[in-house]
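**Q** Here you go, sequence then predicted model.
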Amino acid sequence: MKMRGKFSLAMLAGVISLIPLMSACSNGATQGDGKTAAPKPGEKIKLKWSTWGNPGELGRFQEFTKDYNAKHPNVEFELIPVPSDYEQKILTQLSGGTAPDVFYSGDSTIVKLIENQTIAELTPYMDKSADSKIKESDFFKGLWGAAKKNDKVYGVPVDCNPFILWYNKKLLKDAGIADMPADLYEKGQWNWNSFKSMLEKLRANGKHGFVLDNDWGRYYSFVSSNGGTMYNDKGEFVGDKDAKAQEAFKFLYDNVQSKNITFAGTLPKGQGGDAMFMSNQVGFVSAGRWYLPIFKQNKDLQFDIVPYPTNTGKKIEPAGVATAYMVMNKNTKHAKEAYQFISEFVSKEGQVFRLQGGGNAVPSVEGADQVVMEGNLPEHAKYFLDARNIGYALTPHEAGVPGLSQVIKDEMEALWLKDGKLDETMKNLGVKANQKIADFKAGK
């Protein structure tokens, strides 16, 4: 699963001719109460499911669907890929009664679906269904994010992508760096100071040190690597007040000012950190496992990964994890069959099926880690697992407030592009973020 936030839906434009969007599947619904509308004698139960995805992912999803149908002769699932404007199309289809029985949801979308009660609570199925292939405790706690409300589960993490740092071994060696980041990490010496030292040597050698994308996962991972927080327990934005969070943004700001870090928005049009990494122009980029399929195609590229450097004295601290959720249409006519598909799709066996052979995501469930360790590519692939085990999805405090993430991104982008002042930016950000939160709570 690529981060699909965030998730690069632009990749979907190149997907080969897709099946036309779906026909109605929820008239005469049972409101997701577990009852099943009986098919006519001799007929299969037909259901639909939808997702985004790049061509490779969609091919694997088609394989899973075909295999699932073969194992369950009483049902026939049809995959309906949605190539663009995914969220808007799903919301429109739910409103018009034509939405699929099962579908993917991003962290911000699932909050809307929970609020408007268009998706079914899955907790009863996970707890009581004898046929369920999953239970809540199978999944890593930090991954639930916005998919849970009042301890009730409305969506299950399909897989995940912990944010880590990819580094170009050749560039580091060319800059005179002997101990690679993974070496320092194993010694407990991978921290902000050692990271900054490497960035300075890369810059001195005429290369970009680190490309910083304008994304919650990248910013907040530096905050949490310093023991800071962006929101308090009341859901208030405190990134402008929390001392550790302020220190993290100051670290980023100072390194952008000294040109150790390059803001992605200042790169030439069409030039991203991943392309620069593959052309040996930048030493570090931050992403999940979704970079693996493209990096490994470049046989001359020497790369590895390492968790975010810390500034707390600890070897590793929690960092962000990108994830999406599988949800069930509350108005499906076949709730039992729809949930069964979900449970097998996100089960240990389902995730192994989808992610083996160099997949671009990390399992969200216990017991499927072998798919990440296949061929030890990259060399320290186990760091994906270390980061996932203690990582966190985007908090519902942010995901649950429409437009809040964009407010934060806009303020940060202005800081980098207009050479703003950090103190002023953080003050403005605190005011605007909390006003957005207050307006939402007041129903404005």
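**A** That came through, no problem.

**Q** element containing the residue nearest in space to the middle of the chain, please.
**A** When the chain is reduced to its mean C-alpha position, the closest residue under CA atoms, centre = their mean turns out to be A322, at 1.8 Å. Mapping A322 onto the secondary structure by DSSP states H and E places it in strand 321-328.

**Q** same for that strand, what does it pack against?
**A** Contact analysis of strand 321-328 by 3 or more CB pairs under 8 Å, 6 or more residues apart in numbering; DSSP states H and E lists strand 102-105, helix 107-115, strand 156-162, helix 335-345 as its packing neighbours. Placement of C-beta: from N, CA and C, glycine included.

**Q** For the lowest-mean-pLDDT helix or strand in the chain, buried residues please.
**A** In the chain, no helix or strand scores lower on mean pLDDT, DSSP states H and E than helix 123-128, which sits at a mean of 90. Buried residues in helix 123-128, defined by neighbour count with 16 or more other CB atoms under 10 Å: 125-126.

**Q** Could you export that helix as PDB, CA atoms only?
**A** Only the C-alpha atoms of helix 123-128 are listed here, as PDB (Å, rounded to 0.1, in the frame of the first residue of the first chain):
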ATOM      1  CA  THR A 123     -16.500  -5.000  16.300                       C
ATOM      2  CA  PRO A 124     -19.500  -7.400  16.600                       C
ATOM      3  CA  TYR A 125     -18.300  -9.400  13.600                       C
ATOM      4  CA  MET A 126     -14.700  -9.600  14.900                       C
ATOM      5  CA  ASP A 127     -15.800 -10.600  18.300                       C
ATOM      6  CA  LYS A 128     -18.700 -13.000  17.600                       C
END
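
**Q** Isn't M230 up against D242?
**A** Yes. M230 lies in contact with D242 (CB atoms under 8 Å); the separation is 7.4 Å.

**Q** which neighbours do those two share?
**A** Here M230 and D242 have V223 as joint contacts, going by CB atoms under 8 Å, 6 or more residues apart in numbering.

**Q** quick one, which of these two is more surrounded?
**A** M230 (22 against 19; other CB atoms under 10 Å).

**Q** Mind pulling the model confidence for the more buried one?
**A** The per-residue pLDDT reported for M230 equals 98.

**Q** What about the spatially closest residue to it that is not a sequence neighbour, how many residues nearby?
**A** The shortest distance from M230 to any residue other than its chain neighbours is 4.3 Å, reached at G239 (CB to CB, 6 or more residues apart in numbering). Around G239 sit 21 other residues, with neighbours defined as other CB under 10 Å.

**Q** need the contact list for G239.
**A** Residues in contact with G239, defined by CB under 8 Å, 6+ apart, are 223, 228-231, 245-246, 249, 426, 429-430, 433.

**Q** Adding distance to T395 and secondary structure, write those out as a markdown table.
**A** Converted to a markdown table, those look like this (distance: CB to CB, whole Å; DSSP: H, G, I helix; E, B strand; the rest coil):
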| residue | distance to T395 | secondary structure |
| --- | --- | --- |
| V223 | 12 | helix |
| G228 | 13 | coil |
| T229 | 9 | coil |
| M230 | 8 | coil |
| Y231 | 6 | strand |
| A245 | 13 | helix |
| Q246 | 19 | helix |
| F249 | 18 | helix |
| M426 | 19 | helix |
| L429 | 16 | helix |
| G430 | 16 | helix |
| A433 | 13 | helix |
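
**Q** Filter the residues you listed down to the buried ones and hand me the ChimeraX line.
**A** Command for ChimeraX that selects the buried part of the contacts of G239, burial taken from 16+ other CB under 10 Å:
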select :223,228,229,230,231,245,246,249,426,429,430,433
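
**Q** mind putting the contacts of G239 in JSON lines, distance to G367 included?
**A** As requested, the contacts of G239 are arranged in JSON lines below (distance: CB to CB, whole Å):
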{"residue": "V223", "distance to G367": "31"}
{"residue": "G228", "distance to G367": "33"}
{"residue": "T229", "distance to G367": "31"}
{"residue": "M230", "distance to G367": "32"}
{"residue": "Y231", "distance to G367": "32"}
{"residue": "A245", "distance to G367": "35"}
{"residue": "Q246", "distance to G367": "40"}
{"residue": "F249", "distance to G367": "38"}
{"residue": "M426", "distance to G367": "42"}
{"residue": "L429", "distance to G367": "41"}
{"residue": "G430", "distance to G367": "42"}
{"residue": "A433", "distance to G367": "39"}
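
**Q** measure Y383 to Q356 for me?
**A** In this structure, Y383 lies at 19 Å from Q356, with CB to CB, to the nearest Å as the measure.

**Q** Between the two, tell me which one has more neighbours.
**A** Y383 (22 against 14).

**Q** Now for the more buried one, which secondary structure element holds it?
**A** Assigned by DSSP H and E, Y383 falls within helix 382-390.

**Q** which other residues reach that helix?
**A** With CB under 8 Å, 6+ apart, helix 382-390 has contacts from 140, 142-143, 160, 162-164, 182, 185, 288-289, 305-308, 316-319, 321, 362, 364, 369, 372-373.

**Q** Kindly report the same for stretch 255-263.
**A** Identification of contacts with stretch 255-263 by CB under 8 Å, 6+ apart yields 196, 199-200, 202-203, 208-212, 214, 252, 282, 416-417.

**Q** Can I have the buried ones of those as a PyMOL selection?
**A** Buried residues among the contacts of stretch 255-263 (16+ other CB under 10 Å), as a PyMOL selection:
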select buried, resi 196+199+200+202+203+208+209+210+211+212+214+252+282+416
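
**Q** Can you tell me which of the contacts of stretch 255-263 is nearest E344?
**A** Using CB to CB, the shortest approach to E344 within these belongs to N214, at 36.9 Å.

**Q** how about that closest one, what does it touch?
**A** In this structure, N214 makes contact with 263-265, 409, 412-413, 416, judged by CB under 8 Å, 6+ apart.

**Q** Among those residues, which one has the most neighbours?
**A** Neighbour counts for the contacts of N214 were taken using other CB under 10 Å; the highest belongs to M412, with 24 neighbours.

**Q** what sits against that one?
**A** Residues near M412 by CB under 8 Å, 6+ apart: 214, 219, 425, 429.

**Q** can you check P318 too?
**A** 142, 224, 390-392.

**Q** try it again with 7 Å
**A** For P318, the contacting residues are 224, 390-392, by CB atoms under 7 Å, 6 or more residues apart in numbering.
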